[in-house]
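S.K.: Just the structure for this:
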Amino acid sequence: MSKDGPSATGVGPQGAVSLRDPAAAEVPPRTPASVREPRLSLLLQLRDEPGALLPVLNVFAAHGVNLTQIESRPAQDERFDFYVNCAGERGQADVEQAIDALGALTDRLMVLDHREVPWFPRHASELDRMAANVLDAGTDLTADHPGFHDRAYRERRAHIDQLAREHRYGDPVPLVSYTAAEQDTWRQVYARLHDLHLRYACREYLHIAEELRRHTGFGGAEIPQARAVSDYLQSVTGFRLRPVAGLLSSRDFLNALAFRVFFSTQYIRHHSKPLYTPEPDICHELIGHAPMFADPAFADFSQEIGLASLGASDAEIERLARCYWHSVEFGLVEEEGARKAYGAGLLSSFGELAHACARPSPADSGPEFQPWDPAAAAVQDYPITDYQPLYFVATSLRDARAQMRSYCESRPRPFYARHNPVTGAIWVDRAVRRQ
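M.R.: Numbers count the residues shown, from 1 in each chain. Below is the predicted model of the structure:
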């Protein structure tokens, strides 16, 4: 293994378990008024005959009840079941009148219970709750961490950790006054990666890195402030960085992508090993991840994964996390017959970047490459302590986005979700109860 090692990332097998604060779990967060949209789910059974559905639709129109979803399934005895989701709730006059009218037109009418799903954020302000669910021990570093015996480093990590924990929705990303030693570590990492990026990074990354330099001063001279980078991303694609103290569960991390939010650490690796980190740090986040979120196709791709993760089962979260790993972290794209990196785990690791993109020597067969296929990626295991033996290669970022969108639409989902960037809320098409 090269001394820089495989890059640490934000999603991995450890993300299958969420270490929530039991006390916090007992008190559900207040849902903002902008997402308290009453939903009602109905089961209507009709005879299978021409025009049977039209009178039912007219009832909703006549009483001003908005339909959000309708799905039909064959029943027995030449009947069809229609599952209908609509705006409103029991006790509202228009809803009660519509239900009475529907009862006279259908063979069977049932008001369904709310569908219970794993908790997910309905508004960007609820990401505050998720940011506290750090899986690792924060400043309680493990014994094999390069900074474990360095008291000054641990105290420094504790300070930056506290900045992230105090951050709340609507606050600007906190500014960090980095020390001379931290700046030197950044310069070493940036210098080692810069020439490799010119050879192996995808064209979108190189273009955006130059734009970041022009607009934010992003470069090798000093650690960029996450606030400036976040402001730039938000101005071009609506993505923004949100500080976090460490690793999150796969569910929490992916859920945030639905809001076009990327949870980002702000601390930096230990100076004794500037080319190695056992965890995501500011080098991985800003050099690897941040530039790609300024590309519209990549930003949409990431949000597709996030929207599909809302309320998803644990099994679906695991599939989506694998898709994320094999694309957002270690994805490749083909450019004029050459493989170029767009994944952050590659772009922030000089050893793995060359491993994935350089031509292997005659004595080394090198890793395996497969065309990007989300269905295959969703079941493909991966190592987290070694270089990847297999990489998925997309024909373009737009194609990668289209395939991811198609895959997400084909998977079983408890509801259809849509993000409103103006209100910061998630709209859902049926009645759900978050557990």
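S.K.: ok, the closest residue to residue 97 other than its chain neighbours - contacts?
M.R.: Excluding its sequence neighbours, the residue lying closest to residue 97 (C-beta to C-beta, 6 or more residues apart in numbering) is residue 63, at 5.3 Å. All C-beta spots, glycine's among them, are computed from the backbone N, C-alpha and C. Applying C-beta atoms under 8 Å, 6 or more residues apart in numbering to residue 63 gives the contacts 94, 95, 97, 98, 101.
S.K.: isn't the last one right up against residue 59?
M.R.: Yes - the pair residue 101 / residue 59 is scored as a contact, 4.7 Å apart, by C-beta atoms under 8 Å.
S.K.: quick check, nearest of the contacts of residue 63 to residue 323?
M.R.: Here the nearest of the contacts of residue 63 to residue 323, counting by C-beta to C-beta, is residue 95; it sits at 39.2 Å.
S.K.: So that closest one belongs to a helix, correct?
M.R.: Yes - looking at residue 95 with DSSP: H, G, I helix; E, B strand; the rest coil, it is inside a helix.
S.K.: Are any of the contacts of residue 63 buried, and if so which?
M.R.: Buried subset of the contacts of residue 63 (neighbour count, 16 or more other C-beta atoms under 10 Å): 95, 98, 101.
S.K.: out of those, who's nearest residue 289?
M.R.: residue 95 (45.4 Å).
S.K.: Not including adjacent chain positions, what is the nearest residue to the closest one?
M.R.: Using C-beta to C-beta, 6+ apart and skipping residues adjacent in sequence, the residue nearest residue 95 is residue 88, 4.1 Å away.
S.K.: Now do the same contact list for that neighbour.
M.R.: 38, 39, 40, 65, 66, 94, 95.
S.K.: quick one: which of those residues sit in strands?
M.R.: Assigned to strands by DSSP state E, the following of the contacts of residue 88 qualify: 39, 40.
S.K.: Among the contacts of residue 88, which one sits closest to residue 323?
M.R.: Nearest to residue 323 out of the contacts of residue 88 is residue 39 (C-beta to C-beta; 28.6 Å).
S.K.: How about that closest one: which residues does it bridge to?
M.R.: On the basis of DSSP bridges, residue 39 is bridged to residue 87.
S.K.: The chain should start at 12 in everything you say after this.
M.R.: Taking 12 as the first residue, the last one we looked at is residue 50.
S.K.: From residue 109, how far off is it?
M.R.: Noted for residue 50: a distance of 14 Å to residue 109, by C-beta to C-beta, to the nearest Å.
S.K.: Please apply the same query to residue 362.
M.R.: Taken as C-beta to C-beta, the span from residue 362 to residue 109 is 63 Å.
S.K.: cool, residue 271 as well?
M.R.: Counting by C-beta to C-beta, the gap from residue 271 to residue 109 is 36 Å.
S.K.: Also residue 361?
M.R.: Going from residue 361 to residue 109 by C-beta to C-beta gives 63 Å.
S.K.: repeat for residue 430
M.R.: Going from residue 430 to residue 109 by C-beta to C-beta gives 29 Å.
S.K.: which one of the contacts of residue 99 is nearest residue 367?
M.R.: For the contacts of residue 99, the nearest to residue 367 is residue 50 (45.5 Å; C-beta to C-beta).
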